[in-house]
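Asker: Below: sequence and its predicted model.
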Amino acid sequence: MDLPQRLLAIQEQLRPYPAARVLAVSKKVSAERLREAHALGLRHFGENYLQEAQAKITALADLDLCWHFIGRIQRNKTRDIARHFDWVESVDREILLARLDQERAGLPPLQILLEVAASGEENKGGIAPDQVIALARTVLRYPNLRLRGLMALVHPDPQEAVSNFRQMARLFQRLQAEFPEQAIDTLSMGTSGDYPQALAHGATEIRLGTVLFGARPKE
Ligand SMILES: *Cc1c(COP(=O)(O)O)cnc(C)c1O
């Protein structure tokens, strides 16, 4: 199966969820293939590595694409991330907010998701669920940032994943209730292996790499 067939199959599965969108995770995928993905209607692309992403963002500057940064954020990369991306989904500490805000000055606001360590696994990045409201409150202090919701990587075990999705859905509702004046509309969860479950639990964005573009070369 190639990209058009794969995308059609996914769009079929998305039909019951009109509020949900695909974020095409394009790490290790060439600019040419992203051009093809754009021609098929994909607009939101997620990248993990800044240098790799910058080359593609430049190569595809003629297209109306929306770029999401979804990788680990090194402090010394906040300037380029703030300048070149539309969304940052992997914010997990306060220091990043101040820097992203400062570097975004003069541009349209940067859309922010807080990454939650939903699986409870060590070394996976993300904030603990009980820190979400406090960090969200901090985002609101910065004029060049817009809080849009939450992102999570869940446990690889399917049963654990379902309980993680449930917890994320509750947390997302709590966030919306806590800040009713904010446009908090994005719950990014679910990848190639578990996106149907994520959709069933309220994901509004699924992050798909392998299932769209095929297996990636090993790191
Ligand atoms: C690579 C990656 C994905 C996509 O994973 P697939 O299993 O290939 O769909 C999603 N989210 C994040 C944060 C990633 O790093």
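Answerer: Good, I have the coordinates. Note that this is a predicted model, so its numbers are computed, not measured. Numbering: from 1, shown residues only.

Asker: Point out where the chain drops to low pLDDT.
Answerer: Across the chain, residues meeting the criterion (pLDDT under 70) sit at 1, 219.

Asker: For it, which segments count as helices?
Answerer: Secondary structure of the chain (DSSP state H): helices at 3-14, 31-39, 50-59, 78-84, 94-103, 132-139, 158-178, 195-200, 210-213.

Asker: helices and strands around the third one, which ones?
Answerer: It stands for helix 50-59. helix 31-39, strand 44-47, strand 66-69, helix 78-84 (3 or more CB pairs under 8 Å, 6 or more residues apart in numbering; DSSP states H and E). C-beta coordinates here come from the backbone N, C-alpha and C atoms, glycine included.

Asker: just how off-centre is that helix within its chain?
Answerer: 17 Å (CA atoms, centre = their mean, to the nearest Å).

Asker: One more: the last one?
Answerer: Centroid separation between helix 210-213 and its chain, computed with CA atoms, centre = their mean, is 16 Å.

Asker: One more: the fifth one?
Answerer: In terms of CA atoms, centre = their mean, the centre of helix 94-103 is set 18 Å apart from its chain centre.

Asker: from the helices and strands packed on helix 50-59, which stretch is densest packed?
Answerer: Per-stretch averages of neighbours, counted by mean count of other CB atoms under 10 Å, single out strand 44-47 among the helices and strands packed on helix 50-59, with a mean of 24.

Asker: residues making contact with that one?
Answerer: Residues from elsewhere that reach strand 44-47, judged by CB atoms under 8 Å, 6 or more residues apart in numbering: 21-27, 34, 37, 53, 56, 65-71, 89, 205, 207.

Asker: Now list the buried members of those.
Answerer: Buried members of the contacts of strand 44-47, counted by 16 or more other CB atoms under 10 Å: 21-27, 34, 37, 53, 56, 65, 67-71, 89, 205, 207.

Asker: Please name the residues that touch residue 126.
Answerer: Each residue near residue 126 by CB under 8 Å, 6+ apart is listed here: 92, 115-118, 152-153.

Asker: what's the burial count for the nearest residue to it once chain neighbours are set aside?
Answerer: Using CB to CB, 6 or more residues apart in numbering and skipping the chain neighbours, the partner closest in space to residue 126 is residue 117 (3.4 Å). By other CB atoms under 10 Å, the residues close to residue 117 number 19.
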